[in-house]
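Enquirer: below is the sequence, then the predicted model.
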Amino acid sequence: MKEVTLYTTKFCPYCIRALKMLSKKEVLYKNINVNKNQELYEKIKEKTGRNTVPQIFIGEEFIGGYDEMNQLDKESKLDSMLGL
């Protein structure tokens, strides 16, 4: 299974949905709350070109946010990307 990293904020509804989806699939993930580390958030925004959360990485690949992850799941591509 590939390492999954999410950059989230505490009260973001899309962040909560992304975390629930991964938990339902029993995927272990690293959740980084960017509210507590603004410097890290600025680096991630620079890396991805996005200023929204969640920002989701599977391995080193940036897949986007919840909407993109959900679309990959609907297209039956997410499980293989996760190594399930």
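Expert: Thanks, I have the structure now.

Enquirer: three-state assignment of the spatially most central residue of the chain?
Expert: Nearest to the mean C-alpha position of the chain, counting by CA atoms, centre = their mean, stands residue 56 at 2.3 Å. Following DSSP: H, G, I helix; E, B strand; the rest coil, residue 56 is assigned to strand.

Enquirer: beta-bridge partners for it, please?
Expert: Counting by DSSP bridges, residue 56 forms beta bridges with residue 6, residue 64.

Enquirer: these two touch, right, it and residue 65?
Expert: Yes: at 6.5 Å, residue 56 and residue 65 qualify as touching, with contact defined as CB atoms under 8 Å. Where C-beta positions appear, they are placed from N, C-alpha and C, glycine not excepted.

Enquirer: identify the contacts common to the two.
Expert: Residues touching both residue 56 and residue 65 by CB atoms under 8 Å, 6 or more residues apart in numbering: residue 18.

Enquirer: any idea how far the residue nearest to the centre of the chain is from residue 75?
Expert: 16 Å (CB to CB, to the nearest Å).

Enquirer: kindly report the same for residue 22.
Expert: Separation of residue 22 from residue 75 (CB to CB): 17 Å.

Enquirer: again, but for residue 81
Expert: Relative to residue 75, and taking CB to CB, residue 81 is found at 11 Å.

Enquirer: direction included, what does the helix or strand containing residue 31 pair against?
Expert: Using DSSP states H and E, residue 31 falls within strand 29-33. Sheet pairing of strand 29-33 (DSSP bridges) gives strand 4-8 (parallel).

Enquirer: dihedrals phi and psi, the residue of the chain most remote from its centre?
Expert: The C-alpha centroid of the chain is most remote from residue 39, which lies 18.3 Å away (CA atoms, centre = their mean). Per-residue torsions, residue 39: phi -60, psi -40 (degrees, to the nearest 10).

Enquirer: do residue 76 as well
Expert: phi 60, psi 30.

Enquirer: cool, residue 20 as well?
Expert: Residue torsions, per degrees, to the nearest 10, at residue 20 are phi -60, psi -40.

Enquirer: that one: how many residues sit nearby?
Expert: Counted with other CB atoms under 10 Å, residues neighbouring residue 20 total 11.
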